[in-house]
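Student: Need the 3D shape of this:
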Amino acid sequence: MKKTTIGGQALIEGVMMRGPESIAIAVRKPDGEIVLEKKELKFKKNILTKVPGVRGVIEFFRMMVVGVKALMFSAEFVDVEEEDGKESKFDTFLQKVFGDKMMDVVIYTSVILSIGFSVGLFFLLPQFLANLLHFDKNTASGVIYFNLFEGVIRIAIFLGYIMLTSLLKDIQRVWQYHGAEHKTIHCYEHEEELTVENVRKFTTKHPRCGTSFLFIVMIISILVFAFTGWHNIWINLALRLLFVPVIAGLSYEVLKFAGRHCENPIIKVMNMPGMAFQYFTTREPDDKQIEVAIEAFKSVLVNDEEADKW
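Tutor: Numbers count the residues shown, from 1 in each chain. Sure, this is the predicted structure:
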């Protein structure tokens, strides 16, 4: 089976695909037309982008920026009824202060706030809740139990967050586009022609999904924090903040390794929890949603197969 580095992201009524050389965003407008925007990747490679552990942090932040830009682009085509068709006072204020740079400010602020929210919800809150129970951190067993309990809380919060957001109607449509993205990539990797009929028969679950990446982050955080859990709550919170980039970097390397060896029985077992999570984050798409994913995917294909190797 062919392996590709192409990956994607579900959007509001659309799909973004990232290939070796470009990014393509396909969005279904309310009138049924598919709008396609393609941009060449302009990321500059340097010595840091080649250092294992560090490159994962850089890549994570880059993709957060790309993802927010893609979401904002797709949102432009959604029917939203304005009260009077006028900009809000806050929008007017931002326009006056930042001018042409307003969009960049909004994007990077959104990324920073998203990262801050994720760190607070999935790293700091579990630490705080675990400290409500008094484990004996003067013993090795007490430290282990404390960190395992914190890890269980972290996974429970993540699962609860996914399940609650999945109840929203708009999010369910996003999960359908997420499924269309996965099915399209599967079809290509199985070397079948990219048609709606061919794409439809593949599964919505994929081992290189970002959901799997998040689960890997959870597991690695439990392992890393197992050696940093015997201090008081404030020192532990500070250490967790300091170790977030380390965990992101390690998780990226694990995901890349798993992508290269996804047929390995051990890797398949490691991927099982992440694949199971995708029962919440993907839905079966309809034909029109598959068409959008195919359009985006075809736009990032390259002729040089060497450029699309892991």
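Student: where does the stretch 1-150 of the chain have low pLDDT?
Tutor: Filtered on pLDDT under 70, the stretch 1-150 of the chain yields the residue ranges 43-46, 48-49, 79-108, 110-111, 137.
Student: any idea how far the closest residue to residue 179 other than its chain neighbours is from residue 281?
Tutor: Leaving aside its chain neighbours, residue 179 sits nearest to residue 204 (3.5 Å; criterion: Cβ to Cβ, 6 or more residues apart in numbering). The C-beta positions use only the backbone N, C-alpha and C, and glycine is treated the same way. Distance from residue 204 to residue 281, counting by Cβ to Cβ, to the nearest Å: 9 Å.
Student: overlap in contacts of these two?
Tutor: Common contacts of residue 204 and residue 281 (Cβ atoms under 8 Å, 6 or more residues apart in numbering): residue 178.
Student: Quick one: list the elements packing against the strand or helix carrying residue 257.
Tutor: For residue 257, the host element (DSSP states H and E) is helix 233-260. Judged by 3 or more Cβ pairs under 8 Å, 6 or more residues apart in numbering; DSSP states H and E, the packing partners of helix 233-260 are helix 54-75, helix 125-130, helix 210-225, helix 265-281.
Student: How far off centre is it?
Tutor: Taking Cα atoms, centre = their mean, to the nearest Å, one finds the center of helix 233-260 at 15 Å from the center of the full chain.
Student: Go through the helices and strands packed on helix 233-260 and pick out the most buried.
Tutor: helix 210-225 (a mean of 20; mean count of other Cβ atoms under 10 Å).
Student: now for that helix, which elements pack on it?
Tutor: Under the contact criterion of 3+ Cβ pairs under 8 Å, 6+ apart, helix 210-225 touches helix 140-165, helix 233-260, helix 265-281.
Student: Buried residues, the longest one. List them.
Tutor: Going back to what we said before, that points to helix 233-260. Neighbour-count burial for helix 233-260, counted by 16 or more other Cβ atoms under 10 Å, picks out 236-237, 239-240, 243-252, 254-256, 258-259.
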